[in-house]
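Chemist: let me see the structure of the following:
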Amino acid sequence: MTSRKIDSKLLTSETEFNASRSDGPGGQNVNKVNSKITLRFDVSLSSILTAEEKDLLHRKLLGQLTKDGVLIIHAKESRSQLQNKEEVIAKFDRILIKAQERIKPRKKTKPSKTSKEKRITGKKINAEKKRWRQKP
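Modeler: Model prediction:
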């Protein structure tokens with residue numbers, strides 16, 4: 001299995017952008033201009049991705065995909081449609097990068113000899129303190 005880096009540039013032909021009215025900043029401009037950008041990417045129907053890559057994205061993006069396996073991302077922070085499009089592409093890139101990260105397996109460690117001794121001496125000191133508090 002050769003792992004390749006999946007990014008938004010690779011998938012541009014399969015991404016769909018829609019512009020709609022935003023509820024963000026802009027005053028009266030909000031009611032006139034379609035500045036909100038929605039990116040839609042269908043993981044299931046992708047011809048660029050291999051079956052392994054599709055499976056990986058389905059597992060990692062489980063909470064972000066629709067029932068049909070479509071990833072939907074919105075951007076409406078800016079008044080500009082172009083800036084929102086750039087922002088939605090950046091969000092898409094971040095999501096793809098995060099989905100491809102491999103989780104490092106945890107290495108089991110043992111406490112050192114000195115830390116064990118330190119813990120035991122601390123317990124003995126506490127026990128001694130409590131012994132002095134008891135009634136004879």
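Chemist: CA only for contacts and neighbour counts going forward, please
Modeler: Will do.
Chemist: quick one: Q134 from K124, how far?
Modeler: Applying Cα to Cα, to the nearest Å, the value for Q134 to K124 is 16 Å.
Chemist: which of the two has more residues huddled nearby?
Modeler: For Q134 versus K124, neighbours defined as other Cα atoms under 10 Å are more numerous around K124 (12 against 7).
Chemist: check the gap between E128 and T121 for me.
Modeler: Here the distance between E128 and T121 works out to 10 Å (Cα to Cα).
Chemist: right, and V88 touches I72 too?
Modeler: No - V88 is beyond contact range of I72, at 9.9 Å (criterion: Cα atoms under 8 Å).
Chemist: neighbour count winner among those two?
Modeler: V88 (22 against 18).
Chemist: okay, the more buried one: pLDDT?
Modeler: At V88, the model reports a pLDDT of 90.
Chemist: CA atoms only: put whichever strand or helix holds it into CSV for me.
Modeler: Using DSSP states H and E, V88 falls within helix 81-100. Taking Å, rounded to 0.1, in the frame of the first residue of the first chain, the C-alpha atoms of helix 81-100 are listed here in CSV:
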residue,chain,number,x,y,z
GLN,A,81,-17.5,35.3,-1.6
LEU,A,82,-13.8,34.8,-2.7
GLN,A,83,-12.5,35.0,0.9
ASN,A,84,-15.2,32.5,2.0
LYS,A,85,-14.3,30.2,-0.8
GLU,A,86,-10.6,30.3,0.2
GLU,A,87,-11.6,29.7,3.8
VAL,A,88,-13.8,26.7,3.0
ILE,A,89,-10.9,25.2,0.9
ALA,A,90,-8.5,25.7,3.8
LYS,A,91,-11.0,24.0,6.2
PHE,A,92,-11.3,21.1,3.7
ASP,A,93,-7.5,20.8,3.6
ARG,A,94,-7.3,20.8,7.5
ILE,A,95,-10.0,18.1,7.7
LEU,A,96,-8.2,15.9,5.1
ILE,A,97,-4.8,16.3,6.8
LYS,A,98,-6.3,15.5,10.2
ALA,A,99,-8.0,12.4,8.8
GLN,A,100,-4.7,11.1,7.4
